[in-house]
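K.L.:
sequence first, predicted model second:
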Amino acid sequence: PESPNSVAGEVISDQVKTDLVRLGLWNPTLPQWAERILMASGVPTEHIAVLPQHADGTIVEAERVRAFFGERLPQSVVLITSQSASRRARFIFRHVFTRDPIRIYSAPTPYHRFEARRWWTTPRNALTVLTEYEKFFINAVTLALRSRHDPS
């Protein structure tokens with residue numbers, strides 16, 4: 001789910017949230033943006049499940065998704081991420097689900113401005129690639145250390 005103190009991805013204070021509701025600029029009773037987009041795209045509401053807790057980071061998100069499924073594992077999971085984060089997200093989810101008979105697919109959004117084929121031509125895209133490599137390395141080390149200390 002979206003962060004409890006955010007509006008359209010922006011972190012806001014409780015006072016700002018209260019003011020936005022009072023002014024009629026934000027309605028917290030509406031479904032989260034991801035849920036609204038899925039419904040507007042024709043996905044039946046009974047096929048939409050929102051995790052009960054916000055996840056801070058992709059590793060935590062993958063672990064919460066795994067816990068959410070419990071023993072009711074689907075055959076596959078499709079990750080919808082930014083183009084720049086898709087490989088890292090798939091790597092993390094595959095690691096978290098490594099003992100499960102489940103296929104993990106990545107479907108990067110076409111609405112992200114990142115240009116994978118020419119990332120080096122734009123400073124913003126070059127910074128995105130550098131940041132993603134840093135995150136990938138940190139996530140890989142974190143997962144490896146957790147696996148080393150995992151008693152199972």
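P.N.:
Perfect, I can see it now.
K.L.:
in this protein, which helix has the most residues?
P.N.:
In the chain, with assignment by DSSP state H, the single longest helix is helix 123-148.
K.L.:
for it, which positions count as buried?
P.N.:
For helix 123-148, burial by neighbour count (16 or more other CB atoms under 10 Å) applies to 125, 128, 132, 135, 139, 143. (Glycine included, C-beta is placed from N, CA and C.)
K.L.:
which helices and strands sit right next to that helix?
P.N.:
Judged by 3 or more CB pairs under 8 Å, 6 or more residues apart in numbering; DSSP states H and E, the packing partners of helix 123-148 are helix 58-69, helix 86-96.
K.L.:
that older thread, can you name the two of the buried residues of helix 123-148 that are farthest apart?
P.N.:
Spatially, the most separated pair among those is 125 and 143, at 26.2 Å (CB to CB).
K.L.:
residue 77 belongs to a helix?
P.N.:
No - applying DSSP: H, G, I helix; E, B strand; the rest coil, one finds residue 77 to be strand, outside a helix.
K.L.:
which residue packs closest to it, ignoring adjacent ones?
P.N.:
Spatial nearest neighbour of residue 77, chain neighbours left out: residue 104 (5.4 Å); criterion: CB to CB, 6 or more residues apart in numbering.
K.L.:
surely residue 104 forms part of a strand?
P.N.:
Yes - assessed with three-state DSSP, residue 104 lies in a strand.
K.L.:
so what's it up against?
P.N.:
76-77, 79, 90, 93-94, 97 (CB atoms under 8 Å, 6 or more residues apart in numbering).
K.L.:
same check on residue 93?
P.N.:
By CB under 8 Å, 6+ apart, residue 93 lies in contact with 62, 65, 77, 79, 104.
K.L.:
including distance to residue 24 and pLDDT, could these go into JSON lines?
P.N.:
Supplementary listing: the contacts of residue 93 in JSON lines, determined by distance: CB to CB, whole Å; pLDDT from 0 to 100:
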{"residue": "62", "distance to residue 24": "37", "pLDDT": "96"}
{"residue": "65", "distance to residue 24": "34", "pLDDT": "95"}
{"residue": "77", "distance to residue 24": "37", "pLDDT": "94"}
{"residue": "79", "distance to residue 24": "35", "pLDDT": "93"}
{"residue": "104", "distance to residue 24": "41", "pLDDT": "97"}
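K.L.:
tabulate the residues you listed (JSON lines), appending distance to residue 16.
P.N.:
Output for those, formatted as JSON lines (distance: CB to CB, whole Å):
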{"residue": "62", "distance to residue 16": "31"}
{"residue": "65", "distance to residue 16": "30"}
{"residue": "77", "distance to residue 16": "34"}
{"residue": "79", "distance to residue 16": "31"}
{"residue": "104", "distance to residue 16": "37"}
